[in-house]
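Participant: Provided below are the primary sequence and the corresponding predicted coordinates.
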Amino acid sequence: MTDTAIAWDTYSRQRPERRPTNARGETTWFNWTQYADHGPGAELLEAPAGGRVLDLGCGKGGNAAHLAALGMAAVGVDVSPKQLTAARERWGQMPGLALHQADAVSFLREDRVGFAAVYSVYGAAWFTDPAVLMPAIRERLLPGGRLVFSQRPPVEGCYGCQASYIPRGADEDPLVVKRWDYEPDAWERLLKAHGYTDIDASVLAAPPGRRTIGTLIVRASARE
Ligand SMILES: C[S@@+](CC[C@H](N)C(=O)[O-])C[C@H]1O[C@@H](n2cnc3c(N)ncnc32)[C@H](O)[C@@H]1O
């Protein structure tokens, strides 16, 4: 296994399952943010009924399962075997959902069928060099297809490749994965340079409460 997969397997063991139902009593739902019952839903993807959609870094699969429940052909890709095992245990019987263990860029280079939307929620779009990933996604988007991803906004002054630490035991070093942080206007310039159109990057405020870090949501289209 790669160091990246080992790191994300370690992360997977520390993360709880998605709740059985959300605040509205729904058994599947879409969440772009780090807060429960907060923010927009699947409508950001603007994907047509039955459209093929791709989740890069799908984790335990809750968002992709929701899109499959809405009738889309949802494909979830994750580099972590443990994340995929959890996704298969909970959502493996969901019609319309396909799950693959793969690195995001490798998958995009091998899968030759286009997508109406590609998205990533605190996922591979945050943890992959955008100079490599953004053109790879662009190649697989159908004309007019949407790219949407969310992640934590950058800390002021800390831009480009940053280290994310995944804790282990008290007497063990943490594992490290790389992530890429930019201000919204930098994301807009970067996506424009890779041929995307209709680009919008903005920070959604946190819900009322003690936590104040918002969610950066980036949206763009592939030219018609
Ligand atoms: C913070 S978790 C978010 C998981 C999920 N999207 C969610 O909202 O719960 C990041 C996920 O991205 C996956 N990931 C990170 N880098 C990846 C890559 N290069 N290719 C595929 N998956 C990746 C990790 O294994 C992990 O499951």
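Facilitator: Sure thing, it's come through.
Participant: Around the ligand, pick out the residues from this protein.
Facilitator: Applying CB under 6 Å from any ligand atom, we find that the chain lies next to the ligand at 8, 57-59, 77-80, 83, 103-104, 121-124, 127-128. Backbone N, C-alpha and C define where each C-beta goes, glycine included.
Participant: just checking, which of those belong to strands?
Facilitator: Val77, Asp78, Val121 (DSSP state E).
Participant: closest to Ala222 among those?
Facilitator: Val77 (18.6 Å; CB to CB).
Participant: Show me what the helix or strand encompassing Pro135 is in contact with.
Facilitator: In this assignment (DSSP states H and E), Pro135 forms part of helix 130-140. With contact meaning CB atoms under 8 Å, 6 or more residues apart in numbering, helix 130-140 is reached by 54, 56, 104-105, 108-109, 111, 114-115, 118, 124-125, 147, 180, 190-191, 194-196, 222.
Participant: Give me the helices and strands touching whichever helix or strand Asp185 is part of, please.
Facilitator: Per DSSP H and E, Asp185 falls inside helix 184-193. In terms of contacts (3 or more CB pairs under 8 Å, 6 or more residues apart in numbering; DSSP states H and E), helix 184-193 is packed against helix 130-140, strand 196-204, strand 215-222.
Participant: Relative to the whole chain's centre, how far out is it?
Facilitator: 18 Å (CA atoms, centre = their mean, to the nearest Å).
Participant: Just the CA coordinates for that helix, please, in CSV.
Facilitator: This file holds the C-alpha atoms of helix 184-193, laid out as CSV (Å, rounded to 0.1, in the frame of the first residue of the first chain):
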residue,chain,number,x,y,z
PRO,A,184,-11.1,32.2,-3.5
ASP,A,185,-9.6,34.6,-6.1
ALA,A,186,-6.6,32.4,-6.6
TRP,A,187,-8.8,29.4,-7.2
GLU,A,188,-10.7,31.4,-9.8
ARG,A,189,-7.5,32.3,-11.6
LEU,A,190,-6.2,28.8,-11.5
LEU,A,191,-9.4,27.2,-12.9
LYS,A,192,-9.6,29.9,-15.6
ALA,A,193,-6.0,29.1,-16.6
